[in-house]
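[1] Predicted model follows, preceded by the sequence.
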Amino acid sequence: MNESKRMTSIARKINWGFWLREFGDFLFINLIIIVLCAVVLFFICEDKLPQEIYVSDRHFEFYEGINEYENLIYVITGSDENEYVYFIHDYLDYLIAPALVLIGAEIFILFIRIFYTGRIRRKLKPLNDLAIKVEELSSASYDPEKLENLEHAISNVRPDVPGARVSTGDHELQSIEVALNNLLDRMRESQRQQNRFVSDASHELRTPIAVIQGYVNMLDRWGKEDENILNESIEALKNESEHMKNLVEQLLFLARGDSGRNTLKFETVNLTDIVREVCEESMMIDENHVYQFKGDEDVAMYGDLAMLKQSVRIFTDNASKYSNKGDTITLGVKSENGKAVYYVQDEGVGMQSSEVVHVFERFYRSDSARNSKTGGSGLGLSIAKWIIDAHNGEIEILSRPEFGTRFTVSFNKL
């Protein structure tokens, strides 16, 4: 069999194994959510019973009608021998929107995972090349005991155990051991990043859904009669829905970028005009900070105007989130060492050097950001870095706690 086809087949089996396990995890999570929703329904309905009346029996049944979904009822028999009837669809209607968002996110993640065969195949290529080399060595005159020792060391290593290494103690096999151990490290790191991304994405999606569910329950209990609670709940539901929408859009952007499906329209652009426009827009929509623009010279470069503008907005939005009211945020453009450069500087909380190295990791937020109500999703700077990398640009960060942060981005000039 062709070696390339054989390796692709192995990669496909591994990928389907990961995919099926992830699919099973999603089913289990959804089952737990359904059980929790049912328990919440029981509490809500029983809470509506008259005082001093307790439940003697409960059951579900279909009320005669056209649509079974709309006529599924929950019947409680009280201690007063009266039956209290609740239509299930009155409560399920509140769950349709968050359920669709959750299911849509799960389908999207599973869909992306289907196409990971090529990535796994590339990860397996060094091991496949090694296997081919071993086959060549086995056909040549070579000490069979050495190969047996290597084979035994490989079969005994557990790739899922951190720090597990391939070791035979044979100096002549040391280079092969180094190659195998480097491959194991890369596989572990890739798996760690994938698990973290899925875990963080699930966490970020679950949080707004939980908030929405909480406000829906509050609406159901008191919002029909209390106008203040009604207005508060509607505003919170709008905010959380917008947050979920933005989060899903950011996930889609990064997923398209990872798979090479983000298309950029390169043209000659004026970087000065782009940064000035973002500064003027920020002045209009943010009255809590002072914005100033520096840079009179027109700086031209080759790039995608919309993407470059989005990157400037991300850094500016990041500066406003972590600056105090009244602080100055400076946006500037300049030519420096043959480069087109823009920068965004704030007077905010700043970061420790240990935090700076992680700021572009997906879902990463510094301790100060996690304790802030404006922590965001942790994806904005990852998107900005993807845009800048797509333009072959470079990012420099200068940050000090309590003194602020300065992001400097440089590109090749025309």
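    Done, it's in.
[2] Against Ser190, how distant is Lys385?
    19 Å (Cβ to Cβ, to the nearest Å). Heads up, the C-betas are built off the backbone N, CA and C, glycines and all.
[3] Who has more neighbours out of these two?
    A count of neighbours by other Cβ atoms under 10 Å puts Lys385 above the other of Lys385 and Ser190, at 19 against 13.
[4] Distance check, the more buried one against Leu379.
    Distance of Lys385 to Leu379, given as Cβ to Cβ: 11 Å.
[5] lowest average confidence, helix or strand, in the protein?
    Using mean pLDDT, DSSP states H and E, helix 367-370 stands out as the lowest-scoring helix or strand of the chain, at a mean of 47.
[6] Could you point out the helix or strand that follows it?
    For helix 367-370, the following helix or strand on the C-terminal side (DSSP states H and E) is helix 380-390.
[7] Now the element after that next one, going C-ward?
    Per DSSP H and E, the helix or strand that comes after helix 380-390 is strand 394-400.
[8] What are the boundaries of the strands in the stretch 151-300 of the chain?
    With DSSP state E, counting those that start in this stretch, the ranges of strands along the stretch 151-300 of the chain come out as 267-270, 290-294, 300-303.
[9] among these, which is nearest Asp90?
    strand 290-294 (48.7 Å; Cβ to Cβ).
[10] Name every strand pairing with the closest one and say which way it goes.
    Strand 290-294 pairs in its sheet with strand 328-336 (parallel), by DSSP bridges.
[11] now the partner strand, how far from the centre of its chain.
    Distance of strand 328-336 from the chain centroid (Cα atoms, centre = their mean, to the nearest Å) equals 30 Å.
[12] List of residues touching it?
    Here strand 328-336 makes contact (Cβ atoms under 8 Å, 6 or more residues apart in numbering) with 271-272, 275-276, 278-279, 282, 289-295, 297, 299, 312, 316, 319-320, 323, 340-347, 410, 413.
[13] Only whichever of the residues you listed are buried, select them in PyMOL.
    Filtering the contacts of strand 328-336 down to the buried ones (16 or more other Cβ atoms under 10 Å) takes a single PyMOL command:
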select buried, resi 271+272+275+276+278+279+282+289+291+293+295+299+312+316+319+320+323+340+341+342+343+344+345+346+347+410+413
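[14] Buried residues of stretch 303-310, list them for me.
    Gly303, Asp304, Leu305, Met307, Leu308, Lys309, Gln310.
[15] can you check stretch 384-394 too?
    Buried residues in stretch 384-394, counted by 16+ other Cβ under 10 Å: Ala384, Lys385, Trp386, Ile387, Ile388, Ala390, His391, Gly393.
[16] correct me, but the second one touches Glu394?
    No. Distance between Lys385 and Glu394: 10.4 Å, which falls outside the contact criterion (Cβ atoms under 8 Å).
[17] now the helices: where do they sit in this protein?
    Taking DSSP state H, the helices of the chain run over residues 3-47, 89-92, 96-114, 117-139, 144-156, 174-218, 227-258, 271-285, 305-321, 353-356, 367-370, 380-390.
[18] Could you give the average pLDDT over the fifth one?
    Going back to what we said before, that points to helix 144-156. Taken as a whole, helix 144-156 has an average pLDDT of 73.
[19] Return the distance of that helix from the chain's centre.
    41 Å.
[20] before we move on, back to that, just the closest of the buried residues of stretch 384-394 to Ser9, please.
    Using Cβ to Cβ, Trp386 comes nearest to Ser9 of the buried residues of stretch 384-394, at 32.1 Å.
[21] that older thread, for the buried residues of stretch 384-394, give me JSON lines that also has pLDDT and distance to Pro162.
    Output for the buried residues of stretch 384-394, formatted as JSON lines (pLDDT from 0 to 100; distance: Cβ to Cβ, whole Å):
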{"residue": "Ala384", "pLDDT": "91", "distance to Pro162": "32"}
{"residue": "Lys385", "pLDDT": "93", "distance to Pro162": "27"}
{"residue": "Trp386", "pLDDT": "91", "distance to Pro162": "29"}
{"residue": "Ile387", "pLDDT": "92", "distance to Pro162": "34"}
{"residue": "Ile388", "pLDDT": "94", "distance to Pro162": "33"}
{"residue": "Ala390", "pLDDT": "92", "distance to Pro162": "33"}
{"residue": "His391", "pLDDT": "94", "distance to Pro162": "37"}
{"residue": "Gly393", "pLDDT": "96", "distance to Pro162": "35"}
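[22] Just give the nearest non-adjacent residue to Glu402, would you?
    Closest residue to Glu402 apart from its sequence neighbours, by Cβ to Cβ, 6 or more residues apart in numbering: Gly350 at 5.8 Å.
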